[in-house]
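**Q** Just to be clear, the model below is a prediction. Sequence and coordinates:
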Amino acid sequence: MLFNIPNSLTWARIALIPIFVGVYYLPDSWLSVGERNFIAAVIFIVAAVTDWFDGYLARTLKQTSAFGAFLDPVADKLMVAAALIMLVQLARIDAILAVIIIGREITISALREWMAKLGEASSVAVAFVGKLKTAAQMTAIPLLLYNAQLFGFEVRPLGTILVWIAAALTLWSMGYYLRKAAPRFRED
């Protein structure tokens, strides 16, 4: 199904990406730096919540589809990549972190596609370490986007720690998935 409620939410997440990036390109007279950061953080959080919600609805409403299974991770990776690139441009993270996280996403997506063609998609299914990586990443990014005090607490240092943890978990999870697929490497 190309259009059902879960897929429509995923499409909406994709549509948020240019709005998310565009916030930082509006004239200075329209929004202050703090307002840009707040809006971008809110958009990212909405996208993250929508990601969870569309999967929940797909299962609950029995509207899962091969197209939805393809589109959902693409939407996630596009939003995360856009956010990481913006954070590099804003000098809030080092480029190496963006390269590690985006590079891992591309590598594992390609690995999963290859394993699926071999009929072994289950051997590289999402593992717990991947879920930890996602949790660290999805917490770090809005903190780094917001980049101000929240309830008297400066959030950027916590975001910085969490994004480094996410990068370490990214490498760990990539190693995990590559080891799971290693027997097929030797066969081919």
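**A** Arrived safely. Residues are numbered from 1 along each chain as shown.
**Q** What residues does the residue nearest to the spatial centre of the chain make contact with?
**A** For the chain, the residue nearest the mean C-alpha position is Val80 (3.7 Å; Cα atoms, centre = their mean). Shown in contact with Val80 (Cβ atoms under 8 Å, 6 or more residues apart in numbering): 101-102, 105, 137, 141. For glycine as for every other residue, the C-beta is placed from the backbone atoms N, C-alpha and C.
**Q** at 6 Å what do you get?
**A** By Cβ atoms under 6 Å, 6 or more residues apart in numbering, the contact set of Val80 is empty.
**Q** That one: what secondary structure?
**A** Following DSSP: H, G, I helix; E, B strand; the rest coil, we place Val80 in the helix state.
**Q** separation between it and Phe20?
**A** Distance, Val80 to Phe20, using Cβ to Cβ, to the nearest Å: 11 Å.
**Q** My reading is that Gln63 lies in a helix. Confirm?
**A** No - counting by three-state DSSP, Gln63 is not found in a helix; it is coil.
**Q** Could you pull out the strands in the chain for me?
**A** Ranges of strands in the chain, per DSSP state E, are 149-150, 153-154.
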